[in-house]
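1. I'll drop the sequence and a predicted model, then ask my questions.
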Amino acid sequence: MPVLALLCAALVVGFEQLVEWKYGAAGLVGLLLLSVGIKAKSPAVSSAGALLLALLLAGPAL
């Protein structure tokens, strides 16, 4: 069980580092808002994070 938790934590940290490297601090803030909103069961906060990430992803196409 601890191995699975360690593996999941490493995966999450790696994903956060990838988002911050590719999209900068705004990407990290969007990911943070999304995860906090999901954990707090707050649709407004999670929607704000998802919207910020979507704008960062679609930015070059706009």
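-> In hand now; what should we look at?
2. Can you pull up the most central residue in this structure?
-> residue 31 (2.2 Å; CA atoms, centre = their mean).
3. If you drop the residues flanking it in sequence, what lies closest to that one?
-> Nearest residue to residue 31, sequence neighbours excluded (CB to CB, 6 or more residues apart in numbering): residue 19, at 5.3 Å. For the C-beta atoms, the positions are set from N, CA and C on the backbone; glycine is no exception.
4. sec struct for the one you found, please.
-> What DSSP: H, G, I helix; E, B strand; the rest coil gives for residue 19 is helix.
5. List the contacts of it.
-> 27, 28, 31 (CB atoms under 8 Å, 6 or more residues apart in numbering).
6. On the pLDDT front, check residue 1 for me.
-> Note on residue 1: pLDDT of 65.
7. distance between stretch 45-59 and the chain's centre?
-> Relative to its chain's centre, stretch 45-59 lies at 9 Å (CA atoms, centre = their mean, to the nearest Å).
8. So which bits of that stretch are buried?
-> Residues of stretch 45-59 classed as buried: 45, 46, 48, 49, 50, 52, 53, 56 (neighbour count, 16 or more other CB atoms under 10 Å).
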